[in-house]
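**Q** turn this into a structure:
(one chain, ligands or ions: 4)
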Amino acid sequence: MSTVERHLESACPLDCPDACSLDVTVADGRVIAVGGSERNPVTGGFICAKVRRYPEHMYGPSRLLHPGVRTGRKGAGEFHPVSWDEALDLVARRLLEVRDGRGGEGILPVSYGGSNGYLSQDTTDARLFHRLGASRLLRTVCAAPSGRAAMGLYGKMPGIAYPDYAHAKLVVVWGMNPSVSGIHLVPYILEAQRRGAKLVVVDPRRTRLAERADLHLAPRPGTDLPIALSLIRWLFAEGRADRRFLAEHAHGADELARRAEPWTFARAAGESGVAAGDLERFARLYADSSPAALRCGWGPERNRNGGSAIAAILALPAVAGKFGVRGGGYTLSNSGAWKEIDGLAAARAPEPATRAVNMNHLGAALAERGGASVDLLFVYNANPLMTLPDQERVRAGLEREDLFTVVFDPVLTDTARYADVVLPAATFLERTELSRGYGAFVLQRAEAVVPAHGEARPNHEVFAELCRRTGVAAPGDPETAAEIESALLESSPRGGRLAADLSRDRIAYLPEGPAPVPFVDAFPRTPDGRIHLVPDALDAETSHGLYHYQPEPSGSGFPLALISPGSDRTISSTLGELHRADVPIALHPVDAGPRGLSDGDRVRVFNGIGAVRCRVRIDAALRPGVAFLPKGLWSHHTESGTTANALAPDSLTDLAGGACFNDARVEVERLGRA
Ligand SMILES: Nc1nc2c(c(=O)[nH]1)N[C@H]1C(S)=C(S)[C@@H](COP(=O)(O)OP(=O)(O)OC[C@H]3O[C@@H](n4cnc5c(=O)[nH]c(N)nc54)[C@H](O)[C@@H]3O)O[C@H]1N2
Ligand SMILES: Nc1nc2c(c(=O)[nH]1)N[C@H]1C(S)=C(S)[C@@H](COP(=O)(O)OP(=O)(O)OC[C@H]3O[C@@H](n4cnc5c(=O)[nH]c(N)nc54)[C@H](O)[C@@H]3O)O[C@H]1N2
Ligand code: SF4
Ligand SMILES: [Mo]
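**A** Numbering: from 1, shown residues only. Ligands and ions are numbered 1, 2, ... in the order given. Reported below is the predicted structural model:
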């Protein structure tokens, strides 16, 4: 019997800026291959290695096929299959018991970017939890400080479009590793280099792009703020600040200059460990080059100074007058560019004034007892045991016998192993989705290419059903994918146009088009349309004011800075089940030597809150004093089953309550043979 292969179109809604358009090969009702298509021009026919393996995620041994109720101890991952009806009845009953007993705030939903699609988060799920009066989750694990800084300074103005990097004469890649976490930007950077552009990389590791850079600054983690301020100081002091642009478009230039004043190159060099001469070379190159494109990543935000660091980096193109030409300015997350779509309004789920729990404090929240306790934890679109700080505290919470945990996921994650009820979720290839890029400026719609595997169901359906079973559903609530999609599009002032574009082309762009030029086509979306270099709100939020530098994480006392950026295998933990090999911690030779460590040795990495046992890899591409264990690992990746998150403190960034993963300070010691 011959099998007919069909090629169907889809769009990737994973938490990734690139928003690839996909070409999916289907045979016998199964996905057999996933590749890139040309519909989103930025995809250019290729995708990451991660998503190419998506069929193994859909049909592999970790896939959840039926709802299940726990049989073994928490953590064992043993469940007996039950019908959807039984599972939903049980969950609905427990939700109501908590609401009517302890109160709605005893329910804590935990979700993050597992599926960044509009249909799978903040629709019927928000309706359920908001109407039950559940605790609210502050989604701060990633991008909260950057988002707050970008909102304060520029009102989340759209940044430079990827293709416009090809026009730059100088590209600055600051705290980002596009070779793994924004791969569709790389060809445009290489094109700019072919046309003669210079490249500067600011990263404690010699990344692939750093190897190709004209200047690589390798700072101590958490010291981007002094670096950026020293550049700002020099620009003002040398008369290289664009006073005309600042007068016309910005508030707060003098105050910013005043706050940057103490940061001479010498002083910034002392803090950052980057030579003063290199800082000056960077400043001159930046001042002299136009167009200058600055790609700011998430590396600079994941420490105590994160919010101020991002704000100072984003202030640079304003001070140096780099806007107003194609390829000039900055790119950060562009998620705010789509704020015209109002999900909560569409879902008819206004937020209640219930208590807010910062997700970086999940471990602490689960440890609360009495009137502040969390009695029911509902996890979906997230894998908190492996992705949040202070892993051992999160684990202790999940082990609580009096906590009822529901985990709704396509696969049996490490978190799901602790669930009382697991619910199997449909993947994005098995349902309708509407998703936006936060790097590429696109909105895309995609229908299911195959039926859901096993009994998996889409998020919006399951939460709509839970609304009915808990009695919070109301007549007229949008419930089906089509109803929710219409409500979402109608929330935008140009909803009719978006709907028409999507049904004709499956793809739609911003009102400013696919590649708006900042200060030509797009302007700050602040209330007065100007840049606010020292916004009052941000200044008030930070305990010592915006741009105040905190030298070292308080009270650590351990010598090595452990950073946990993404790798080409894991960024978030999604698809981490597919990689079975052990993951080593990387150390610089000068740190390995005195500890008697050579490549492949077993080590114990530890600090005051946790420990990881794994192998060591010696890597001269690191800055001395910095250790590297990638994020997104699963328990099978290390000998101890713990990861960098077990060593990451649950302290918060200066702005927006963000995570301080890279403030982990550790010691490493050699272990004997296993
Ligand atoms: N294909 C694919 N792409 C993705 C994702 C995905 O799942 N798949 N996920 C996306 C998500 S959620 C995110 S948040 C992004 C993350 O993507 P990136 O912005 O690349 O963030 P990180 O990997 O955290 O770190 C980036 C770089 O910052 C460096 N770094 C660490 N600390 C510091 C510091 O203090 N200062 C400076 N200057 N650099 C530092 C690290 O060495 C690293 O090379 O990737 C996104 N891209
Ligand atoms: N040590 C350390 N840890 C970090 C970071 C760091 O720098 N260092 N950075 C962090 C960053 S950048 C991020 S963004 C977070 C990510 O943290 P999380 O948001 O927890 O992301 P994932 O680990 O990808 O978990 C998403 C889960 O959603 C599931 N999922 C996907 N689609 C659907 C769906 O349609 N329905 C349902 N119900 N589930 C679905 C996936 O299978 C996956 O298990 O991790 C953070 N963790
Ligand atoms: S590069 Fe990003 S958008 Fe493209 S397939 Fe991979 S995860 Fe999805
Ligand atoms: Mo992220």
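
**Q** burial count for A446?
**A** 24 (other C-beta atoms under 10 Å). (Each C-beta comes from the backbone N, C-alpha and C, glycine too.)

**Q** quick check: it touching R506?
**A** Yes: if you go by C-beta atoms under 8 Å, A446 and R506 touch, sitting 7.0 Å apart.

**Q** shared neighbours, the two?
**A** E9, A11 (C-beta atoms under 8 Å, 6 or more residues apart in numbering).

**Q** endpoints of stretch 363-372, how far apart?
**A** Start to finish, the residues bounding stretch 363-372 are 13 Å apart (C-alpha to C-alpha, to the nearest Å).

**Q** ok, that stretch near ligand 2 or not?
**A** No: Stretch 363-372 does not reach ligand 2 (C-beta under 6 Å from any ligand atom); its nearest approach is 13.5 Å.

**Q** for the record, mean pLDDT for that stretch?
**A** Mean pLDDT, stretch 363-372: 96.

**Q** pLDDT weak spots in this protein?
**A** For the chain, applying pLDDT under 70 flags the ranges 1-2, 674.

**Q** for ligand 2, what's its nearest residue on it.
**A** The minimum distance from the chain to ligand 2, using C-beta to the nearest ligand atom, falls at G114 (2.2 Å).

**Q** so that residue sits in a helix?
**A** No: counting by DSSP: H, G, I helix; E, B strand; the rest coil, G114 is not found in a helix; it is coil.

**Q** neighbours of the closest residue in space to it that isn't next to it in sequence, just the number please.
**A** Spatial nearest neighbour of G114, chain neighbours left out: N381 (3.5 Å); criterion: C-beta to C-beta, 6 or more residues apart in numbering. Using other C-beta under 10 Å, N381 has 22 other residues around it.

**Q** now do the contacts for N381.
**A** Taking C-beta under 8 Å, 6+ apart, one finds S111, Y112, G113, G114, S115, S120, Q121, N459 in contact with N381.

**Q** can you check R70 too?
**A** Residues near R70 by C-beta under 8 Å, 6+ apart: E78, F79, A419, D420, V421.

**Q** between these, which has the most around it?
**A** That'd be A419 among the contacts of R70, by other C-beta under 10 Å, with 27 neighbours.

**Q** residue numbers of the stretch 1-150 of the chain in contact with ligand 2?
**A** D15, Y112, G113, G114, S115, S120, V141, C142.

**Q** for this structure, what's the longest helix?
**A** If you go by DSSP state H, the chain has its longest helix at helix 84-100.

**Q** related to what we said a few turns ago, now the phi/psi pair for the residue nearest to G114, please.
**A** phi 60, psi 30 (degrees, to the nearest 10).

**Q** now do the one 3 residues further on
**A** The phi and psi values for P384, taken as degrees, to the nearest 10, are phi -60, psi -30.

**Q** can you list the residues of the stretch 151-300 of the chain near ligand 3?
**A** I183.

**Q** closest residue of the stretch 151-300 of the chain to ligand 3?
**A** Closest point on the stretch 151-300 of the chain to ligand 3, by C-beta to the nearest ligand atom, is I183, at 5.5 Å.

**Q** how about the nearest residue to that residue, chain neighbours excluded?
**A** I183 sits nearest to C48 (C-beta to C-beta, 6+ apart), 5.7 Å away.

**Q** what's the answer for C614, then?
**A** T638 (4.3 Å).

**Q** host element of the residue minimising distance to the centre of the chain?
**A** Using C-alpha atoms, centre = their mean, the residue of the chain that lies closest to the mean C-alpha position is C142, 4.4 Å off. Assessed by DSSP states H and E, C142 sits outside every helix and strand.

**Q** T3 now?
**A** Counting by DSSP H and E, T3 is part of no helix or strand.

**Q** check V69 too.
**A** Using DSSP H and E, V69 falls in strand 68-70.

**Q** walk me through which strands the helix or strand following that strand pairs with, and which way each runs.
**A** Next helix or strand after strand 68-70 toward the C-terminus (DSSP H and E): strand 79-81. Next to strand 79-81 in the sheet, as set by DSSP bridges, lie strand 68-70 (antiparallel).

**Q** for the chain, which residues are neighbours of ligand 3?
**A** Residues of the chain found near ligand 3 (C-beta under 6 Å from any ligand atom) are C12, L14, C16, D18, A19, C20, I47, C48, K50, V51, I183.

**Q** list the contacts of the nearest residue to A292 once chain neighbours are set aside.
**A** Leaving aside its chain neighbours, A292 sits nearest to L170 (4.3 Å; criterion: C-beta to C-beta, 6+ apart). By C-beta under 8 Å, 6+ apart, the contact set of L170 is A197, K198, L199, V200, L285, Y286, S289, S290, P291, A292, A293.

**Q** how far away is H636 from L65?
**A** 20 Å (C-beta to C-beta, to the nearest Å).

**Q** which of those two has more residues huddled nearby?
**A** A direct count of neighbours by other C-beta under 10 Å for H636 and L65 places H636 higher, at 15 against 12.

**Q** is it true that R417 lies in a helix?
**A** Yes: under three-state DSSP, R417 falls within a helix.

**Q** show me what contacts it?
**A** Taking C-beta under 8 Å, 6+ apart, one finds K74, G75, A76, G77 in contact with R417.

**Q** cool, A659 as well?
**A** A659 touches T140, V141, C142, R302, N360, L388, P389, A648, L652, T653, counting by C-beta under 8 Å, 6+ apart.

**Q** now do 10 Å
**A** By C-beta atoms under 10 Å, 6 or more residues apart in numbering, the contact set of A659 is 140-145, 301-303, 306, 358-360, 387-389, 645, 648-653.

**Q** and D477, by the same measure?
**A** Counted by C-beta under 10 Å, 6+ apart, D477 has contacts T124, R127, R131, A347, R348, A349, A464, C467, R468, E483, I484, A487.

**Q** touching, E430 and E455? I think so.
**A** No: look at E430 against E455 with C-beta atoms under 10 Å: they stay out of range, at 11.4 Å.

**Q** could you report the neighbour count for the residue of the chain found nearest ligand 1?
**A** Closest residue of the chain to ligand 1, C-beta to the nearest ligand atom: G299 (2.2 Å). Residues lying near G299 (other C-beta under 10 Å) number 28.

**Q** what's the neighbour count on the spatially closest residue to it that is not a sequence neighbour?
**A** Leaving aside its sequence neighbours, G299 sits nearest to G175 (C-beta to C-beta, 6+ apart; 2.9 Å). Neighbourhood size, G175 [other C-beta under 10 Å]: 26.

**Q** then P451?
**A** P451: 11 neighbours (other C-beta under 10 Å).

**Q** shouldn't it be within a helix?
**A** No: going by three-state DSSP, the assignment for P451 is coil, not a helix.

**Q** circling back to that earlier point, closest to A92 out of the residues of the chain next to ligand 3?
**A** L14 (29.7 Å; C-beta to C-beta).

**Q** quick one: residues contacting the closest one.
**A** Counting by C-beta under 10 Å, 6+ apart, L14 has contacts 20, 48, 50-51, 54, 113-117, 428, 435, 571-572, 574-575.

**Q** hmm, try it at 7 Å
**A** Counting by C-beta atoms under 7 Å, 6 or more residues apart in numbering, L14 makes contact with V51, N116, T574.

**Q** separate out the buried members of the contacts of R417.
**A** Neighbour counting over those (16 or more other C-beta atoms under 10 Å) leaves K74, G75, G77 as the buried ones.

**Q** which among those residues gets closest to P262?
**A** Distances from P262 to the buried ones among the contacts of R417, taken by C-beta to C-beta, are shortest for G75, at 50.5 Å.

**Q** ok so, going back, neighbour count for E430 and E455, which is higher?
**A** The neighbour comparison of E430 against E455 (other C-beta under 10 Å) goes to E430, with 20 against 16.

**Q** re earlier: Throw the contacts of N381 into a markdown table and include neighbour count, thanks.
**A** Formatted as a markdown table, the contacts of N381 follow (neighbours: other C-beta atoms under 10 Å):
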| residue | neighbour count |
| --- | --- |
| S111 | 23 |
| Y112 | 23 |
| G113 | 21 |
| G114 | 26 |
| S115 | 27 |
| S120 | 28 |
| Q121 | 22 |
| N459 | 25 |
